[in-house]
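*Asks:* What follows is a predicted structure for the sequence shown.
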Amino acid sequence: MSAEDVVTASLAGLERGEVVCVPGLTEPEAVTRLAEVRTAGTPEPAARYAAR
């Protein structure tokens, strides 16, 4: 995908009111699911990301 394609897709996403734009993603519901999972999580990093 060219830089011009990314810019065009990003501007189209902004016009649609999208906060997140993933130009190559053909399934927009994936972004919605990610947001739902993110808000269902805890306010602290998951244990797998804790400092060792």
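*Replies:* Received it, and whenever you're ready, just let me know what you need. Numbering: from 1, shown residues only.

*Asks:* residues in contact with G13?
*Replies:* 20-21, 23 (Cβ atoms under 8 Å, 6 or more residues apart in numbering). C-beta: built from backbone N, CA, C; applies to glycine.

*Asks:* What about V22, how many residues nearby?
*Replies:* 15 (other Cβ atoms under 10 Å).

*Asks:* which element is it on?
*Replies:* Taking DSSP states H and E as the definition, one finds V22 inside no helix or strand.

*Asks:* Over to the one 5 residues further on?
*Replies:* Assigning secondary structure by DSSP H and E places E27 outside every helix and strand.

*Asks:* And for the one 4 residues further on?
*Replies:* Element membership for V31, per DSSP H and E: helix 29-40.

*Asks:* Dump that helix to PDB, keeping only the CA atoms.
*Replies:* Extracted in PDB, the C-alpha atoms of helix 29-40 (Å, rounded to 0.1, in the frame of the first residue of the first chain):
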ATOM      1  CA  GLU A  29     -15.600  -5.100  13.600                       C
ATOM      2  CA  ALA A  30     -12.100  -6.100  14.700                       C
ATOM      3  CA  VAL A  31     -11.300  -2.600  15.900                       C
ATOM      4  CA  THR A  32     -14.600  -2.500  17.800                       C
ATOM      5  CA  ARG A  33     -13.800  -5.800  19.500                       C
ATOM      6  CA  LEU A  34     -10.400  -4.600  20.400                       C
ATOM      7  CA  ALA A  35     -11.900  -1.500  22.000                       C
ATOM      8  CA  GLU A  36     -14.400  -3.600  23.900                       C
ATOM      9  CA  VAL A  37     -11.700  -6.000  25.300                       C
ATOM     10  CA  ARG A  38      -9.500  -3.000  26.200                       C
ATOM     11  CA  THR A  39     -12.200  -1.400  28.300                       C
ATOM     12  CA  ALA A  40     -13.100  -4.700  30.000                       C
END
